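# sequence? don't have it. structure:
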């Protein structure tokens, strides 16, 4: 199972190259393109990116595992990211998380059997004023309570 | 002529004045001048990385302690390496290094040559604040391939192994994955180490994270004696230590070869094949003399050899192994002249182009091929015309010479025995000099002193009274 950038993505990356001091510096944009294109970053994709950047695949693997936003396995259709940093933890994040686990029947890091939801905990989402918060895909949900969680999940089902 | 002129400057370290090259790495200068500075990530061959923070020293004029691997020598630098504050800083950093360390020294192969242990005794001696049950756990025995085992829990993330595979052999199999206290050394999923120098990472690892599958659990390092010698795997002549031990009820045994620093030849490293060649060296050794297939005593064997040589009327061909020490070769040369034999040391038998690479491995797989040439010994194969007495000093291609009668002096058991077969001490059981491919002479010390030693080549030739050199 090989990996190749689509022609459009490759064009966009080549265009970006002018903004960076070296090709190796394009590692993050390239990995974002892989995420957009495939939804996750396979070992084959890491090797392809490494070859394109001219670095060792191991270096790419190190970067992929370093950042929370890159995933090595396919995620569910919706990716739920619950903030676990201080403000959210103090404002009732644990109740929100417990309700999510109960409703979805999965633990943190798992994907529901129907492939709809993946549950993760992440560091600060930068919205301490409206804690507790979670981000589902690209949408931020604020001032959460366990009840609100039920409503949000209903909308997404 | 654009040769860089080294500018020497004076620096003061712990009230001692030292001369050092301007711009040199301070840590290296301190180590070379006998100061004891703890460090993990720095290595002379790999350069500084600045990640372990252990090599802190005080520099006058700087507010905070500085890492000496990233400080460069300049005129008038005033350095303190052993103040109360520095000891406190080192102790603090060591404590962080050990936060998730399993402290399984009793079952760890590195025990006895471990920087963590050494520095703990020097700077630590505290009681850990993290209870064992709360420590993070990782893989404890990952087989990385090529005889390298990884224990991720013992790792201090100095990245020496990563830099070795990335910058020196440039195969880049190893890297650090994950983040913060979940960081660990790994290979790409489904991949393993795949270079012929991989076992050097075991020597580079300052702790017990990378151990040799070949050596682990075989011997405690404090029982080992290290004898300086030279690898006989090829004509490169990498400097090595022979690590051996004579434990109770056992004979003197080699447990491993380790690279010995020689900047002119191998730097700090050796190839895996050379490293593991100690096995073939001590396996299947010939220990008794044989007249055809029956075992005879050494004295009788010496007498038979003399008789066979002196009563022979036809041509005599003498073959010499190109792995013999230069002193031995010289003696064989004198011997061949004395008995009127023609000495050959055919080198073609040692050529192995498949072994050669651009770094340390040479296609000439004989340690003293250059020595043979230097002595002017004929390196062609002798012709086997007529009635020939062949006296073979351990040459591997002796079987290709047709001989009427044959005397073999061998280190290892042959498949078939000649008319007379005498055992000789292997290179680890005697001492001498080798000349490598580049013409560099190196001395090999005698490492092994077996309980029942077999005679050296020199001893067998004593019957001819060839002179003082016999006593080398």
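Sure thing, it's come through. Just so it is clear, the model here is predicted, and its values are computed rather than measured.
# how much space between the residue nearest to residue A:26 when sequence neighbours are not counted and chain B?
Nearest residue to residue A:26 in three dimensions, chain neighbours excluded: residue A:20, at 5.4 Å (C-beta to C-beta, 6 or more residues apart in numbering or on different chains). All C-beta spots, glycine's among them, are computed from the backbone N, C-alpha and C. Distance of residue A:20 to chain B, computed by C-beta to the nearest C-beta, to the nearest Å: 21 Å.
# check residue A:113 too.
Distance check for residue A:113 against chain B: by C-beta to the nearest C-beta, it reads 24 Å.
# and that residue, which helix or strand is it part of?
Element membership for residue A:113 (DSSP states H and E) is empty, with no helix or strand holding it.
# if we can go back for a sec, next, give phi and psi for the residue nearest to residue A:26.
Geometry field for residue A:20 lists phi and psi as phi -110, psi 150, criterion degrees, to the nearest 10.
# identify the residue spatially nearest to residue A:76, adjacent ones excluded.
Taking C-beta to C-beta, 6+ apart as the measure, residue A:76 lies nearest to residue A:118, with 4.0 Å between them; neighbours along the chain are not counted.
# which bits of the stretch 101-250 of chain B sit near chain A?
B:166, B:172-179, B:186-190 (C-beta under 8 Å from any C-beta of the partner chain).
# what residues does the residue nearest to residue A:76 make contact with?
The neighbours of residue A:118, taking C-beta atoms under 8 Å, 6 or more residues apart in numbering or on different chains as the test, are A:75, A:76, A:78, A:79, A:80, A:110, A:111, A:112.
# so how many other residues sit close to the first one?
Other residues near residue A:75 number 17, with proximity taken as other C-beta atoms under 10 Å in any protein chain shown.
# now swap in the last one and tell me
Other residues near residue A:112 come to 16 when the count uses other C-beta under 10 Å.
# next one: phi and psi at it?
Listed backbone geometry of residue A:112 is phi -60, psi 160, with angles given as degrees, to the nearest 10.
# roughly how far apart are it and chain B?
Distance of residue A:112 to chain B, given as C-beta to the nearest C-beta: 25 Å.
# I figured that residue hits residue A:104, correct?
Yes: shown here, residue A:112 and residue A:104 form a contact pair, counting by C-beta atoms under 8 Å, at 5.4 Å.
# give me the element the residue nearest to the spatial centre of chain A is part of.
Using C-alpha atoms, centre = their mean, the residue of chain A that lies closest to the mean C-alpha position is residue A:69, 3.7 Å off. Residue A:69 belongs to no helix or strand when elements are defined using DSSP H and E.
# in the chain, where is pLDDT below threshold?
With no chain named, the answer covers chain A. Counting by pLDDT under 70, the ranges of chain A that qualify are A:1, A:157.
# chain B, not that one
For chain B, counting by pLDDT under 70, the residues that fall below are B:1-4, B:468-472.
# what domains does the record give for it?
Taking automatic domain parsing as the domain assignment, the record places the domains of chain B at B:8-96, B:99-212, B:221-282, B:289-470.
# let's have those in TSV, adding mean neighbour count and distance to residue A:43.
Converted to TSV, these look like this (neighbours: other C-beta atoms under 10 Å in any protein chain shown; distance: least, C-beta to C-beta, whole Å):
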stretch	mean neighbour count	distance to residue A:43
domain B:8-96	17	26
domain B:99-212	18	5
domain B:221-282	19	26
domain B:289-470	18	28
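# who's in contact with residue A:140?
If a contact means C-beta under 8 Å, 6+ apart, then residue A:140 has A:125, A:127, A:133, A:134 as its contacts.
# isn't the third one right up against residue A:88?
Yes: between residue A:133 and residue A:88 there is a contact at 6.2 Å, judged by C-beta under 8 Å.
# got the contact list for the closest residue to residue B:53 other than its chain neighbours?
Nearest residue to residue B:53 in three dimensions, chain neighbours excluded: residue B:93, at 5.0 Å (C-beta to C-beta, 6+ apart). Residue B:93 makes contacts with B:52, B:53, B:54, B:56, as judged by C-beta under 8 Å, 6+ apart.
# and residue B:93, how far is that from residue B:50?
Relative to residue B:50, residue B:93 is positioned 13 Å away (C-beta to C-beta, to the nearest Å).
# what does residue B:15 give?
For residue B:15, the distance to residue B:50 under the criterion C-beta to C-beta works out to 27 Å.
# repeat for residue B:17
Distance, residue B:17 to residue B:50, by C-beta to C-beta: 27 Å.
# same question, residue B:106
As for residue B:106, its distance to residue B:50 is 33 Å (criterion: C-beta to C-beta).
# what do you get for residue B:359?
In this structure, residue B:359 and residue B:50 are separated by 27 Å, where distance is defined by C-beta to C-beta.
# now for the residue in chain A that chain B sits nearest to, how many residues are close by?
Proximity of chain A to chain B (C-beta to the nearest C-beta) peaks at residue A:56, 3.1 Å away. When counting by other C-beta under 10 Å, one arrives at 22 neighbours for residue A:56.
# and the nearest residue to residue B:393 once chain neighbours are set aside, what does it touch?
Of all residues beyond its chain neighbours, the one nearest residue B:393 is residue B:320 (4.7 Å), with distances taken as C-beta to C-beta, 6+ apart. Contacts for residue B:320 were tallied using C-beta under 8 Å, 6+ apart; they are B:329, B:332, B:333, B:343, B:344, B:345, B:372, B:377, B:393, B:394, B:395.
# can you add secondary structure and give the residues you listed back as a markdown table?
As requested, these are exported to a markdown table (DSSP: H, G, I helix; E, B strand; the rest coil):
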| residue | secondary structure |
| --- | --- |
| B:329 | helix |
| B:332 | helix |
| B:333 | helix |
| B:343 | strand |
| B:344 | strand |
| B:345 | coil |
| B:372 | helix |
| B:377 | coil |
| B:393 | strand |
| B:394 | coil |
| B:395 | coil |
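# any chance of those residues in a markdown table, plus distance to residue B:454?
Formatted as a markdown table, the entries for the contacts of residue B:320 read as follows, by distance: C-beta to C-beta, whole Å:
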| residue | distance to residue B:454 |
| --- | --- |
| B:329 | 19 |
| B:332 | 17 |
| B:333 | 22 |
| B:343 | 23 |
| B:344 | 24 |
| B:345 | 22 |
| B:372 | 24 |
| B:377 | 24 |
| B:393 | 14 |
| B:394 | 12 |
| B:395 | 18 |
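# go through those and name the one nearest chain A.
For the contacts of residue B:320, with chain A as the reference and C-beta to the nearest C-beta as the criterion, the closest is residue B:372, at 42.1 Å.
# these two touch, right, residue B:78 and residue B:10?
No: contact criterion C-beta under 8 Å: residue B:78 and residue B:10 do not qualify, at 10.6 Å.
# SS state for the closest residue to residue B:115 other than its chain neighbours?
Beyond its immediate neighbours in the sequence, the residue positioned closest to residue B:115 (C-beta to C-beta, 6+ apart) is residue B:206, lying 4.0 Å away. Applying three-state DSSP to residue B:206 yields a three-state assignment of coil.
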